[in-house]
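Peer 1: Fold the stuff below for me.
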Amino acid sequence: MELPAAITNWFAQRGWRVRGHQRAMLDAAARGRHALLTAPTGAGKTLAGFLPTLAELAADPAEGLHTLYISPLKALAVDVQRNLLTPIAEMGLGIMVETRTGDTPAARKTRQKEVPPHILLTTPESLANLLSSPDAASMMAGVKRVIVDEIHAFGTTKRGDQLSLCLARLQRLAPDLQRVGLSATIADPEAWAGWLAPDADADLVEVVVAQGGADPAIDILVIDDRIPWGGHNGRWAARAVMRRIEAARLAIVFVNTRAVAELVFRDLWAENDHALPIGIHHGSLAPEARRKVEAAMAAGRLRAIVATASLDLGLDWGDVDLVIQMGAPKGASRLLQRTGRANHRMDEASRCLIVPGNRFEYLEALAARDAVEARELDPDGFRPGALDVLAQHVVGCAAAGPFFPDDLYDEVKSAAPYAGLTRSAFASVLGYAATGGYALKAYERYQRLVTQPDGRMRLRSAALARQWRMNSGTIVEAVTMNVVFGTGKPGRGGRKLGQVEEYFVSQLRVGDSFMFAGQVVEVTGFDGGDVHVRLGRGAPKVPSYMGGRMPMTTRLAARVRGLMNDRTRWAEMPPDVREWLAIQSRVSRLPGRDDVLVETFERDGRWYMVVYGFAGAAAHQTLGMLVTQRMERAGLKPMGFVASDYAMAAWSLDPVDDPQPLFDPTVLEDELAEWLAASPFLRRAFREVAIIGGLIERTQPGVHKSGKAMSVSADLIYDVLRRHEPDHLLLTAAWTDARGKLTDVARLAGLLEEAHARMSHVRASHVTPLAVPSLLTIGRERVGDSADATLLIEAEALIAEAMAVD
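Peer 2: Numbering: from 1, shown residues only. Here you go, the predicted structure:
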């Protein structure tokens, strides 16, 4: 495909040339091929995806929707629009570009259906809503290309399932549609080509790999040759981090959760001696607040911004010259992605500073840096498509118009996650979508689809289509309440700052203070779904958020083990980390590369067992539940446990003389089923799949259900199905989710197998150096976070004991 003069002249005026991967994308488009581009940050990846569209529209600026761009983030869609409009204007092209997300005003959405832009930038949720419209067939018939940016953020999630089903529907509406995927951090391009392709046929996709690019420069912050024993998130180094911000033009300070974002922002502000402008950005802030921060950042009015994953994908902030990762990155791909936000140019090194929170996190940071240098990215765990997502999609298809079940089955199977879907499984989904299932079909509210005389299925009423659009989507956040700042009195309006979870608000009273949007606010009253606030003072609480915790990847965990066992690498570590590892190897032993170290020891009348599994917090949490359950049956009187990404520590009144039976993998499935059935995990998972599957509605016209109301509804339905239809589609889906997302059963099973086959049990004479972080966590939970003096005394005694060499 030849570029029109307007585009070649634009490149020439900037002294640029079309890079090899950009040319390859043009050639693939000219041959009618789908394409997957993997390119380092700053390589002009997004431009490469759009170049064929710009060339085609420059040659033939026909009316109608030409290209869809799918982003995992609303902010990314807005950012791409801003970065597309400038070159389009400079090229003198009459191309209309607009965004469509949940934040887009209703009037603009209506106009976009009537007069669609040439290029529409959207998200999977908004695309699904568009495709549920009866006008979708005519609006999408002329679409030539769909660009999926940051494709790695989709493929292994329910959002990816939803997007893949939408791509299948688009392909049916526009048979000549070309699919384009873009990413900087995929480990297996061929596997991703299969996910992107129609019918999962990777041969239909041209894989383009960009060459060149400067290697990132990643440093690890060490102050006075020391790394803390415990804690996490790197908050101990706030002053040193602020000094790095002062030396940078613009820094992004990444954290791993929204709660930590508020804490780190407060810490940095306390050390901000020069009153530099600093912002905060996370998904719970109001859209207006996020856009304000993004605009200030783009205009150069900020020196730093504290952010979660809400900013770590694709955003092109050209003046950012430093990324700071607070706490361990949890994966090489994530570290590379975040590092790429700095110096967003291919030929300049992106700079990143990792601030480890403790000694294990130091090892993890070093391992992640090694992996990035070796270009060893984290593999992606593809899995079959979720049935609750498919059920939602089926109803959305019916909202667009009647369908023949066999036609829809063929269409669904062309989506890679559902390529293995059997006809009987699809029939079960159809039955559930139509009636709610055997146990619920007597209730009219669950009757959604009916079969016409010609065999097609349709919605029972138009009102169901409106309800579906109000409740569709696969992201199930905990129920939230609005934080409203203003008059200080309910019922008198005010400015919405964002949202906090209802569970957190239930613990607040008028006069309480909490951190939000980077400031201390005081509760002045409650009004329905709003919590009214004014500026506050004192020691604030920090909102807690369900989810958001990122586990350490399996490949990174293996590298951490390797570092501990490679003494040639110890020389580059801080002296106190070297001493920590050296004394551990003398008083006990170090975890091996492929075994599981289990230490037992007595302290203060209690017996401790510490298991170094390196399997991630979720797997260790489940391990703790199962092991203490087995200890109870063995009469060992367990008292509790704590879990981290690196270890699980349990304590009891009687000693564990032989830990081997506690790790028997043969009864895992039965015990897990028993434990999950009695735990809140399965009910929580059911609530989520029931919302996604449309059994429970989050929103009705003029009404937003409270979290308590939805939980009560979910629990009632759950109990009915358990009694009368235990093999119900949504119970099966909930079990699958609980095993995977909540308990990480795959890694747990691997850990048990490894422990049973290759356990190294050390009966230590006292607490060991590696066990100190776990015991510090136990002390913090027992004493309470406010008892700092008591904790300090206990910690000093614990460390002295651990570092004593017999």
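Peer 1: Let's verify Phe614: helix, strand, or coil?
Peer 2: coil (DSSP: H, G, I helix; E, B strand; the rest coil).
Peer 1: going forward, begin numbering at 40 instead of 1
Peer 2: Okay, using 40 as the starting number, the last item reads as Phe653.
Peer 1: That one: neighbour count?
Peer 2: If you count neighbours by other C-beta atoms under 10 Å, Phe653 ends up with 26. Placement of C-beta: from N, CA and C, glycine included.
Peer 1: pretty sure it is touching Arg598, no?
Peer 2: No: using C-beta atoms under 8 Å, Phe653 makes no contact with Arg598, being 10.0 Å away.
Peer 1: What backbone torsions are found at Val187?
Peer 2: Taking degrees, to the nearest 10, you get phi -100, psi 100 for the backbone angles of Val187.
Peer 1: how far away is it from Ala367?
Peer 2: 29 Å (C-beta to C-beta, to the nearest Å).
Peer 1: of these two, who's got more company?
Peer 2: The neighbour count for Val187 versus Ala367, taken as other C-beta under 10 Å, is higher for Ala367 (30 against 27).
Peer 1: was I right about the more buried one contacting Leu405?
Peer 2: No: contact criterion C-beta under 8 Å: Ala367 and Leu405 do not qualify, at 10.0 Å.
Peer 1: Do you have the strands of the stretch 190-339 of the chain handy? List them.
Peer 2: 217-222, 244-248, 256-259, 290-293, 317-320 (DSSP state E, counting those that start in this stretch).
Peer 1: Distance from the first one to the middle of the chain?
Peer 2: Relative to its chain's centre, strand 217-222 lies at 21 Å (C-alpha atoms, centre = their mean, to the nearest Å).
Peer 1: Sheet partners, orientation included, of it?
Peer 2: If you go by DSSP bridges, strand 217-222 pairs up with strand 73-77 (parallel), strand 184-187 (parallel).
Peer 1: so can I have TSV of the ones you listed showing mean pLDDT and distance to Asp696?
Peer 2: Below are the strands paired with strand 217-222 laid out as TSV (pLDDT from 0 to 100; distance: least, C-beta to C-beta, whole Å):
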stretch	mean pLDDT	distance to Asp696
strand 73-77	96	53
strand 184-187	97	55
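Peer 1: got the strands of the stretch 190-339 of the chain as CSV, with distance to Ala346 columns?
Peer 2: Putting those into CSV (distance: least, C-beta to C-beta, whole Å) gives the following:
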stretch, distance to Ala346
strand 217-222, 20
strand 244-248, 29
strand 256-259, 18
strand 290-293, 6
strand 317-320, 4
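Peer 1: Compare the ones you listed and give me the one nearest Ala621.
Peer 2: strand 256-259 (19.7 Å; C-beta to C-beta).
Peer 1: Now do the closest one: everything it contacts.
Peer 2: With C-beta atoms under 8 Å, 6 or more residues apart in numbering as the test, strand 256-259 has contacts from 374, 378, 388-393, 395, 401, 404-405, 408, 411.
Peer 1: Could you list which of the residues you listed belong to strands?
Peer 2: 390-393 (DSSP state E).
Peer 1: now the residues you listed: which count as buried?
Peer 2: Taking 16 or more other C-beta atoms under 10 Å as the criterion, what is buried in those is 390-393.
Peer 1: residue ranges of the helices in the stretch 240-389 of the chain, please?
Peer 2: 277-286, 297-309, 326-337, 371-378 (DSSP state H, counting those that start in this stretch).
Peer 1: and the angle from the first one to strand 390-394?
Peer 2: This points to helix 277-286. Angle, helix 277-286 to strand 390-394, by axes from the mean of the first three to the mean of the last three C-alpha atoms, to 10 degrees: 170 degrees.
Peer 1: packing partners for helix 277-286?
Peer 2: strand 290-293, helix 297-309, strand 361-365, strand 390-394 (3 or more C-beta pairs under 8 Å, 6 or more residues apart in numbering; DSSP states H and E).
Peer 1: cutoff 7 Å now
Peer 2: Judged by 3 or more C-beta pairs under 7 Å, 6 or more residues apart in numbering; DSSP states H and E, helix 277-286 is in contact with helix 297-309, strand 361-365.
Peer 1: The longest one: which residues count as buried?
Peer 2: What that stands for is helix 297-309. Counting neighbours by 16+ other C-beta under 10 Å, helix 297-309 gives 297-308 as buried.
Peer 1: Give the ranges of residues in the stretch 340-489 of the chain that sit below the confidence cut-off.
Peer 2: 349, 351-357, 383-386 (pLDDT under 70).
Peer 1: switch to 90 and redo it
Peer 2: 347-359, 368, 372-373, 375-389, 414-422, 477-478, 480-484 (pLDDT under 90).
Peer 1: lowest-confidence helix or strand of this protein?
Peer 2: strand 742-743 (a mean of 63; mean pLDDT, DSSP states H and E).
Peer 1: Next secondary structure element downstream of it?
Peer 2: helix 746-763 (DSSP states H and E).
Peer 1: Name the residues of that next one that come out as buried.
Peer 2: Neighbour-count burial for helix 746-763 [16+ other C-beta under 10 Å]: 746, 749-750, 752-753, 756-757, 760.
Peer 1: shouldn't Gly103 be in contact with Lys183?
Peer 2: No: applying C-beta atoms under 7 Å, one finds Gly103 not in contact with Lys183, separated by 9.8 Å.
Peer 1: Neighbour count: those two, which is higher?
Peer 2: More crowded of Gly103 and Lys183, by other C-beta under 10 Å: Lys183, with 18 against 15.
Peer 1: Count the residues that sit near the nearest residue to that one once chain neighbours are set aside.
Peer 2: Excluding the flanking residues, the one nearest Lys183 by C-beta to C-beta, 6 or more residues apart in numbering is His105, at 5.4 Å. Using other C-beta under 10 Å, the number of residues around His105 comes to 22.
Peer 1: One more: Leu574?
Peer 2: Neighbour tally, Leu574, other C-beta under 10 Å: 11.
Peer 1: Over to it: give its phi and psi.
Peer 2: phi -60, psi 140.
Peer 1: Across the sheet, point out what pairs with it.
Peer 2: Val560.
Peer 1: what pLDDT does it get?
Peer 2: Looking at Leu574, its pLDDT reads 87.
Peer 1: do you know how far it is from Lys535?
Peer 2: Taking C-beta to C-beta, one finds Leu574 at 16 Å from Lys535.
Peer 1: Same question for Pro228.
Peer 2: Distance from Pro228 to Lys535, by C-beta to C-beta: 43 Å.
Peer 1: Same check on Ser110?
Peer 2: 24 Å.
Peer 1: These two: which has the busier surroundings?
Peer 2: It is Ser110, of Ser110 and Lys535, that has more neighbours when counted by other C-beta under 10 Å, with 26 against 17.
Peer 1: ok so, going back, out of the strands of the stretch 190-339 of the chain, which comes closest to Leu734?
Peer 2: Closest among the strands of the stretch 190-339 of the chain, using C-beta to C-beta: strand 217-222, at 32.1 Å.
Peer 1: Mind listing residues that contact the closest one?
Peer 2: 68, 71, 73-77, 84-85, 88, 183-191, 206, 231, 235 (C-beta atoms under 7 Å, 6 or more residues apart in numbering).
Peer 1: Among those residues, name the buried ones.
Peer 2: Using 16+ other C-beta under 10 Å as the threshold, 68, 73-77, 84-85, 88, 183-191, 206, 231, 235 are the buried ones among the contacts of strand 217-222.
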